[in-house]
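A.B. asks: quick one: sequence and predicted model below, then my questions.
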Amino acid sequence: MKKLLLIVAVFLGSLSFNANAGFLDYMGGGAAIQDVGGAFDDGVAGVFNMGKIFPKTRTKGGFAGVFGGEAEITKSLVKPKYDKGNIKAETDILTLSGYGTYRHYFNKKFYMMLKAGVFYVKSEGEAEVTIPSYTWFGTTVGGGTTTVTTSDTDTGLTYGVQGGMALSRKMDLTANYTAYQLDTTMTLLGVGVKFKF
């Protein structure tokens, strides 16, 4: 837990430092529905990101396509849950991602951004298993509950798409879809705001 808090603190601290230093072009945050696949119910994740946009390149049609880079951290706010039969479980998920990005401006107000990159994920789960009781020749055996905890880390490929609408010169409203390739695909679907420097 201390390592997790340290990672989050360093990330958020770097947001502030890099924004003040003029290196970043934007930073933002939002919330997303977190689908971990399988029989788990969806959770809700908080999303924080920061990025740099490289010089614009004009296309034949006169629109601007812009390449860039983005760093992102997500954390479960409402944990995905499993509740089937005699098993109740929940999982807490943290991801750290780095992306290459490409955005296409349709006009001064609307754009679409594609992103692809790599990610690190840390998941911590807890399951409560209810053990049924049986009566055998007048004697009751079994019964009760047991708790199992797990912790795992992994890396993989991630990709997504974002639609953006300028609310002002300094702020965009965004809609986002991100997929993380693991043994099963985890996805985030959400909305956010982006502050431009």
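C.D. replies: Here it is on my side, so go on. Residues are numbered from 1 along each chain as shown.

A.B. asks: can you give me the strands for this protein?
C.D. replies: For the chain, strands defined by DSSP state E occupy the ranges 26-35, 43-53, 57-58, 64-78, 81-84, 87-105, 110-130, 133-136, 139-142, 145-166, 171-181, 185-196.

A.B. asks: which stretch in the ones you listed has the least confidence?
C.D. replies: Of all the strands of the chain, the minimum mean pLDDT falls on strand 57-58 (a mean of 54).

A.B. asks: neighbours of the nearest residue to F67 once chain neighbours are set aside, just the number please.
C.D. replies: Nearest in space to F67, with sequence neighbours left out and distances taken as C-beta to C-beta, 6 or more residues apart in numbering, is F54 at 4.7 Å. Any C-beta I mention is one placed from the backbone N, CA and C, and that applies to glycine too. When counting by other C-beta atoms under 10 Å, one arrives at 12 neighbours for F54.

A.B. asks: need the residue closest to the centroid of this structure.
C.D. replies: Geometric centre of the chain, nearest residue: T74, 3.8 Å, by C-alpha atoms, centre = their mean.

A.B. asks: my read is that that residue contacts Y120, right?
C.D. replies: No - the pair T74 / Y120 is not scored as a contact, 11.2 Å apart, by C-beta atoms under 8 Å.
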